[in-house]
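[1] no letters, just coordinates:
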């Protein structure tokens, strides 16, 4: 690391935001340097001031609330903090470019991407429109967008998320800036697309020698990309160092905890039993002390716990129990033994009609869910994984009664389609749901205490006094204080809000809780603790989870069985160990490989590219998708066979 | 849960003090207090009119006109001057407040109620019920409001209450349209889905979860509607199908005298200022109420 001529130098930077009670520092006394051609990662959890730092460099802090209160930012020889807006505008885009998290909202939806690309090129150079267009095409080609010329005419909504992010990168790099700031560039993307975008960034950086500041919360991305890392917390730098050093010998306590909280694939698995199918965890749970509290950090605990379970199982049963087998033997799962499943889904279809043409006839149909079957035993966690648009959330919504479906959903032995309204309401009590975004799923105008009590009110359970007590007990159980019942959702942090949602889902003592991406929006340390809570509650109440996630590492940590969905169908289903240590379907393999490993020593050199976009589930009428048949490859491990 | 990385458990602040009632907090805001004061003055003026002035609102006084027969500007005897027929303007404005308040509050209230009901129902249930209701609303919008009011007023015997009803039946349309749009976007929000999964019934979702979110919009439309309805009443009076003369209302005072605007500007200015002040007062109160009733604004004044 030579310190000859850094491209960007930040010295003692402080950013303060004017709030209710005076101004508050969101970034304090931050100093950093960025060398030419280097990738610097700024990592930290939400509220650590990493995005504010990026905005400060761009001089785009939200006015007038936030301002730079001290410090300097130098781009080569130019001091940015004192530059007037007109000259700063010339630097933005030309010398420093930025990519934002959400590619849909940072592209203008009413302008074609060609127009948006050429606009910035024309603004900063003296090229003619024809030359600018040529430059735009080259930029699109550089980010590996096929048929670049015809793409110029397309609008943002016509492109997929990954494509849009590539257009953003093309825009940022078209002018060959010295510094590229990427603020969570892949957070909103699917894992397989994320891999491609990261690889592309790395590739382009090597080609152009651009310096990159990558802001992320994902330690896997850090390990994959960074030369150097800065860990931030509460606005100040906690630790700085070379990536390999930080991961191998973290100095600060916070860094150590942050790294420990990161869910990793393979961490929970015992290497010796990696190939053996997972025995039922249920018997193991009975032997573990009830109500045992896990400590705050996640991975080591689960590892230890796993060991304990393994031992317990080894002493009770050595052969994996066989399921009795659902209809056609498809429902068989290692832990579906003994008792009847809490929920059974058979040949579920959800289709949405798209109307078009003059008379509004149904012209096309979205085959969101195509013939999905599974069952969930009491006390079991079934994870449904897949990328966006694969139908996993739609399956959950059908189960929760939010979308019309065809097929059979049996809850507690009763088929929902044959029931009247009141009966269905009664059966539905047993199925509760926790949504992805805890803020969006809580009515912002109600007190959280009332929100948690509401299910009880609706189902006419308990008197007012009893309800209050029960809600207080629930608050206590999920790790909130009962004093907080009087507050409104916006007065909580993300993790606390999710705890409120969990309390609410638990209020009716359901047999099944559907967790739809319930931890995806949370910081890793908070995520780890919420997952711990979910596991504790399962031990305590014997509730089953349908855990829907795109994050393979999280899934591996919590699930007993895993079902992988692709284009509305299940392509592989089996126990956690079967799926993770012996993935059979190519799509499952791809999903597992795509997860960035939080270990710089195991950095992937190349991520093989998908030659085409993931196909759409929308089809013309009469063109039903091909149904995949699942066949058992041993011990209830079901894999789809092509054709 | 005593981990050092626990931003999770520290953020939600404890409830500091029991919150003061809506009224207490309303009075604390200066502008809201001003609005309340104006409304109180208007209401008091309307109720106490017979005791506040020595004249009869309909009495045409001999000394209320100049020798040439033109109205008097404000004098010590007639504080706000007199109108074309030599009647005391202050007296007429005080009595007119009765009419205008009834129109502004009752007619406007009924219009808001109908509009909200139609908008919420159409927005939440969609389907053919929603389509039918909204197409009917569009029809009403396309139909000239004044023509409709004239037809309705011609059918019924004109009286103050009928005029209020006619105005209500014409004025609900815009509210319905706006409420419809807001409801249909609210109904898509995730917390409504969450309510459905815990088994909440449609009325519960509508009244407990959707209606509170519509409150700001309803308040804004309510306060804006007051000036609109008062003026619509004036228009109807002018056309002879509103409040019948000689009964005074702020609207018909303006319309009776508007042709003399240049010669006797006070005749238009004072009732106009009264309408403006009343509308402004309700606006100020509405603004403050909207903030006070919004729990998500707590702690961010």
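    The structure has been received and is ready for your questions. Values in this document were obtained by computation on a predicted structure and should not be read as measured data.
[2] who's in contact with residue B:201?
    Taking C-beta atoms under 8 Å, 6 or more residues apart in numbering or on different chains as the criterion, residue B:201 is in contact with residue A:458. All C-beta atoms are positioned from the backbone trio N, CA, C, and that covers glycine.
[3] quick one, phi psi at it?
    phi -80, psi 160 (degrees, to the nearest 10).
[4] the one 10 residues further on too?
    Summarising the backbone geometry of residue B:211 under the convention degrees, to the nearest 10, its torsions are phi -60, psi -50.
[5] pretty sure residue A:489 contacts residue A:444?
    Yes: counting by C-beta atoms under 8 Å, residue A:444 is a contact partner of residue A:489 at 5.5 Å.
[6] who has more neighbours out of these two?
    Taking other C-beta atoms under 10 Å in any protein chain shown, residue A:489 and residue A:444 do not tie; residue A:489 has more neighbours (25 against 16).
[7] per-residue confidence at the residue lying closest to the more buried one once chain neighbours are set aside?
    Counting by C-beta to C-beta, 6 or more residues apart in numbering or on different chains, residue A:442 is the residue found nearest to residue A:489 once chain neighbours are left out, at 4.3 Å. At residue A:442, the pLDDT value in this model is 90.
[8] hang on, residue B:225 in a helix?
    Yes: counting by DSSP: H, G, I helix; E, B strand; the rest coil, residue B:225 falls inside a helix.
[9] who are the contact partners of it?
    Contacts of residue B:225 (C-beta under 8 Å, 6+ apart): B:108, B:111, B:112, B:171, B:175.
[10] how much space separates the first one from residue A:570?
    This points to residue B:108. 58 Å (C-beta to C-beta, to the nearest Å).
[11] hmm, back to that, and the residue nearest to residue A:489, helix, strand or coil?
    Assignment for residue A:442 (three-state DSSP): coil.
[12] need phi/psi at it.
    The phi/psi pair for residue A:442 (degrees, to the nearest 10) is phi -120, psi 130.
[13] what of the one 3 residues further on?
    The phi and psi torsions at residue A:445 (degrees, to the nearest 10) take the values phi -100, psi 10.
[14] can you count the residues close to it?
    19.
[15] who are the contact partners of it?
    A:488, B:209, B:212, B:213, B:294, B:295, B:296.
[16] residue A:346: how many residues sit nearby?
    Quick note: residue A:346 (other C-beta under 10 Å) scores 19 neighbours.
[17] grab the two from the contacts of residue A:445 that are most spread out in space.
    Greatest spatial distance among those (C-beta to C-beta): B:209 and B:294, at 14.7 Å.
[18] okay, those two: which has more neighbours?
    Taking other C-beta under 10 Å, residue B:209 and residue B:294 do not tie; residue B:209 has more neighbours (21 against 16).
[19] so which of the contacts of residue A:445 are in helices?
    B:212, B:213 (DSSP state H).
[20] for ChimeraX, what selects the buried ones among the contacts of residue A:445?
    To isolate the buried ones among the contacts of residue A:445 in ChimeraX, judged by 16 or more other C-beta atoms under 10 Å in any protein chain shown, type:
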select /A:488 /B:209,212,213,294,295
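[21] what touches both of residue A:489 and residue A:444?
    If you check residue A:489 and residue A:444 against C-beta under 8 Å, 6+ apart, no residue is contacted by both.
[22] quick one on the thing from earlier: with distance to residue A:536 and pLDDT added, can I get the contacts of residue A:445 in JSON lines?
    Output for these, formatted as JSON lines (distance: C-beta to C-beta, whole Å; pLDDT from 0 to 100):
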{"residue": "A:488", "distance to residue A:536": "27", "pLDDT": "87"}
{"residue": "B:209", "distance to residue A:536": "31", "pLDDT": "90"}
{"residue": "B:212", "distance to residue A:536": "35", "pLDDT": "88"}
{"residue": "B:213", "distance to residue A:536": "35", "pLDDT": "89"}
{"residue": "B:294", "distance to residue A:536": "36", "pLDDT": "78"}
{"residue": "B:295", "distance to residue A:536": "31", "pLDDT": "76"}
{"residue": "B:296", "distance to residue A:536": "32", "pLDDT": "73"}
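[23] of the contacts of residue A:445, closest to residue A:9?
    For those, the nearest to residue A:9 is residue B:296 (41.4 Å; C-beta to C-beta).
[24] longest strand of chain A?
    strand A:361-376 (DSSP state E).
[25] could you identify the helix or strand that succeeds that one?
    strand A:381-385 (DSSP states H and E).
[26] do a quick rundown of the strands in the stretch 151-300 of chain A.
    In the stretch 151-300 of chain A, the strands defined using DSSP state E, counting those that start in this stretch lie at A:179-183, A:211-216, A:228-233, A:236-242.
[27] what comes into contact with stretch B:40-60?
    By C-beta under 8 Å, 6+ apart, stretch B:40-60 touches B:61, B:85-88, B:90-92, B:94-98, B:101, B:246, B:248, B:274, B:277-278, B:281.
[28] what does the stretch 301-450 of chain A put close to chain B?
    The stretch 301-450 of chain A has residues A:397, A:400-402, A:425, A:428-429, A:431-433, A:435, A:437, A:440-447 near chain B, with proximity defined as C-beta under 8 Å from any C-beta of the partner chain.
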